[in-house]
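> Just a sequence and a predicted model for now, questions to come.
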Amino acid sequence: MTYRLAIFDFDGTLADSFPFFLSVFNTIADRHGFKRIDIANSAHLRHLGTREMMDHVGMPAWKLPLASRSFIAMMKDGADGIPLFDGIADALRHLHGSGVRLAVVSSNSEHNVRTVLGPELAGLVERFECGMSVFGKASRIRAVLKDCGIAATDAIYVGDQGTDADAADKAGVGFGAVHWGYAAIEALRGHPCATEFATPADLARISL
């Protein structure tokens, strides 16, 4: 498995933001008028796809952009306290040092992504495409490919959600499913998937 370009999702892939997501979910639900969740019994949510999660809490599609903007704004205030997963920093350094070009395609804001990554790691990322709908990533992946002059067959999109897998498939790039993200790996296996990464250290295989 050798790729010239590794494109990463952010939340649940690079950043361990699921605890933050849970901590603000009910505030956002109250603000935008959909159902709260039982935080203490939230493990089952990792087995729901994005649309299933929206159905579960009674969120119509037109409210998703509003809820997303609230999440991003709230994260901006607390981004300094959101960690990267253990091993992510070393993995990004290794890939960059091995000649793999790096990009981020995330529905989160570029400000939040850069803040959590920090100046050093953000400086390793050649292209940021941020702020789109979770259902609109395919076109942004294609934009990254065009901007970097990389063929789809030479790129991989690494993510933690079924929407990430579907976006990669639409854009014609391989999808790498991580075991540590928002969605359970069992849920991701129902989508097109080129490979799986059990730990952040396994990302080194991208450059082999």
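That came through, no problem. Numbers count the residues shown, from 1 in each chain.
> got the contact list for stretch 123-134?
10, 50, 64-65, 68, 72, 92-93, 96, 101-110, 113-114, 117, 139-141, 143-144, 147-148, 161, 163 (Cβ atoms under 8 Å, 6 or more residues apart in numbering). Every C-beta, even on glycine, is put in place using the N, C-alpha and C of the backbone.
> again, 6 Å this time
50, 92, 96, 101-107, 109-110, 113, 140, 144, 147, 163 (Cβ atoms under 6 Å, 6 or more residues apart in numbering).
> Just the buried positions in that stretch, please.
124-125, 127-132, 134 (16 or more other Cβ atoms under 10 Å).
> what do you get for stretch 138-148?
138, 140-142, 144-145, 148.
> ok, those vs Ala79, which is closest?
Nearest to Ala79 among those is Arg140, at 21.0 Å by Cβ to Cβ.
> and that closest one, what is it in contact with?
105, 129, 132.
> Give me the lowest-pLDDT entry from those residues.
Least confident of those in the model: Met132, at 94.
> What about the spatially closest residue to Ala61 that is not a sequence neighbour, how many residues nearby?
Nearest non-adjacent residue to Ala61, counting by Cβ to Cβ, 6 or more residues apart in numbering: Met54, 7.1 Å away. Taking other Cβ atoms under 10 Å as the neighbour definition, Met54 ends up with a count of 17.
> And the contacts of the helix or strand of the chain with the lowest mean pLDDT?
Every helix and strand in the chain was compared by mean pLDDT, DSSP states H and E; the lowest is helix 50-57, with a mean of 89. Contact with helix 50-57 is made by 34-35, 134, 163, as judged by Cβ under 6 Å, 6+ apart.
> Next step: those restricted to helices.
Thr163 (DSSP state H).
> so can I have JSON lines of the contacts of helix 50-57 showing distance to Ser17?
As requested, the contacts of helix 50-57 are arranged in JSON lines below (distance: Cβ to Cβ, whole Å):
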{"residue": "Phe34", "distance to Ser17": "20"}
{"residue": "Lys35", "distance to Ser17": "21"}
{"residue": "Val134", "distance to Ser17": "14"}
{"residue": "Thr163", "distance to Ser17": "16"}
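> Secondary structure element holding Asp147?
Using DSSP states H and E, Asp147 sits within helix 137-148.
> This structure: strands as residue ranges?
Assigned strands in the chain, in chain order: 5-8, 101-106, 125-130, 155-159, 174-178, 195-197 (criterion: DSSP state E).
> Low-confidence regions, the protein specifically.
1, 208 (pLDDT under 70).
> still on that earlier bit, can you put the strands of the chain in JSON lines and add distance to Ser17?
What follows is the strands of the chain, written out as JSON lines (distance: least, Cβ to Cβ, whole Å):
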{"stretch": "strand 5-8", "distance to Ser17": "14"}
{"stretch": "strand 101-106", "distance to Ser17": "11"}
{"stretch": "strand 125-130", "distance to Ser17": "14"}
{"stretch": "strand 155-159", "distance to Ser17": "13"}
{"stretch": "strand 174-178", "distance to Ser17": "13"}
{"stretch": "strand 195-197", "distance to Ser17": "18"}
